[in-house]
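Novice: Let's see this in three dimensions:
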Amino acid sequence: MTHRLFEEKEHASVYQKYRFVPPDEVKEIIHEYIDKKKGRPHILAVDLGCGTGQNTRLLSPIFQEVVGIDVSECQLEEARAVPGFTNLTYRQGTAEELPFPDGSVDLLTAASAAHWFDQERFLKEANRVLKPRGCIALLGYTDSFDLHFGSCGERLNHIFEEVLKVLRPYTSERVAVANTKLQGLYNAIPFPEKERIEQIPVKHQTSVKNVVGLIQSFSMYQAYQRAEPEAATVLLQRTMTRFLEEMGVSSPDTKIEVGLNYYCVLACKSQC
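Specialist: Purely as a prediction, here's the structure:
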């Protein structure tokens, strides 16, 4: 079944504050794919493992109805608190047991979530609920980041790698699935029309504070925090201090460039 690691209220709040919103580059790839494969009208999209709704909200202008599904009610509370999206609803549930009739969904999508699904059961449900020519779009990014600020990017990346070295013993095997860019899940998709885009380079401008917050949102940091709460707090504080010292600045609101590679798995159900 879906792994349940993001349910606490504090983690949901951190997730909403610091996780990157899927970029326009990936959004356009998905929109173009469903336009090409299924065509309009786009009636119902379902965002699986929707968390606090960053990806769900991006679907709102394209579909008549969008439903976000997540196991965590705390995550869904954060999602529902964002105003201005009258065609969005959120429901507690899993990717393996979807509350939709057979052949009723135009698009199933998941952002940085599909690696937590039970692969076999999810694909069986996808085949059941998708309309003929309905599509799957699964996106995410690996934990390989590239930090830039002036001439100190190499040193910042070294600090980041040191943090990951501390956290990796607390990494779930499911995160390793994400870092393969969902190769196994892609291979298992039963639809003949499918493709996997492995490199979608994206650059985000964000603050040092947000980079440290992003680390805090990682599932491996959350596991470390449960095991060693004091050490985990010190790790974040020390990382912030080291970043600022290397950059020669004092404000955690100082902007820094984060480069990362997104991937996207796309598939289209047959006509019959």
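Novice: Below-threshold pLDDT in the stretch 151-272 of the chain: ranges please.
Specialist: The stretch 151-272 of the chain contains residues with pLDDT under 70 at 174-177, 272.
Novice: Show me where it has its helices.
Specialist: When assigned using DSSP state H, counting those that start in this stretch, the helices of the stretch 151-272 of the chain occupy the ranges 153-167, 173-179, 183-188, 208-217, 219-227, 229-247.
Novice: Reformat those as TSV; add distance to Tyr141 and mean neighbour count.
Specialist: The C-beta positions use only the backbone N, C-alpha and C, and glycine is treated the same way. Compiled in TSV, these are given as follows (distance: least, C-beta to C-beta, whole Å; neighbours: other C-beta atoms under 10 Å):
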stretch	distance to Tyr141	mean neighbour count
helix 153-167	14	16
helix 173-179	8	15
helix 183-188	15	15
helix 208-217	11	20
helix 219-227	14	18
helix 229-247	20	15
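Novice: To Gly140, which of those helices lies closest?
Specialist: Nearest to Gly140, of all those, is helix 173-179, at 5.5 Å by C-beta to C-beta.
Novice: so how far is stretch 262-272 off the chain centroid?
Specialist: Relative to the chain's own centre, stretch 262-272 is displaced by 18 Å; criterion: C-alpha atoms, centre = their mean, to the nearest Å.
Novice: Report the buried residues of that stretch.
Specialist: By 16 or more other C-beta atoms under 10 Å, the buried positions in stretch 262-272 come out as Tyr262, Tyr263, Cys264, Val265, Leu266, Ala267, Cys268, Lys269.
Novice: same check, this time on stretch 77-88
Specialist: Glu78, Ala79, Phe85, Leu88.
Novice: Quick one: end-to-end distance for that stretch.
Specialist: Taking C-alpha to C-alpha, to the nearest Å, stretch 77-88 runs 13 Å from one end to the other.
Novice: now do stretch 141-156
Specialist: 20 Å.
Novice: in that stretch, what's buried?
Specialist: For stretch 141-156, by 16+ other C-beta under 10 Å, it's Tyr141, Asp143, Phe145, Leu147, His148, Phe149, Cys152, Gly153, Arg155, Leu156.
Novice: ok, the fifth one - contacts?
Specialist: Contact analysis of His148 by C-beta atoms under 8 Å, 6 or more residues apart in numbering lists Leu156, Ile256, Glu257, Val258, Gly259.
Novice: cutoff 10 Å now
Specialist: The contact partners of His148, by C-beta atoms under 10 Å, 6 or more residues apart in numbering, come to Glu154, Leu156, Asn157, Lys203, Gln205, Ile256, Glu257, Val258, Gly259.
Novice: Repeat that for Cys268.
Specialist: Contacts of Cys268 by C-beta under 10 Å, 6+ apart are 33-34, 36-38, 130, 132-137, 189, 191-195.
Novice: Show the buried residues in those residues.
Specialist: Looks like the contacts of Cys268 have Tyr33, Ile34, Lys37, Lys38, Leu130, Arg133, Gly134, Cys135, Ile136, Ala137, Ile189, Phe191 buried, using 16+ other C-beta under 10 Å.
Novice: Can you tell me which of the residues you listed is nearest Lys209?
Specialist: Nearest to Lys209 among those, with distances taken as C-beta to C-beta, is Ala137, at 31.1 Å.
Novice: Is that closest one in contact with Ile34, as I believe?
Specialist: Yes: between Ala137 and Ile34 there is a contact under C-beta atoms under 10 Å: 7.4 Å.
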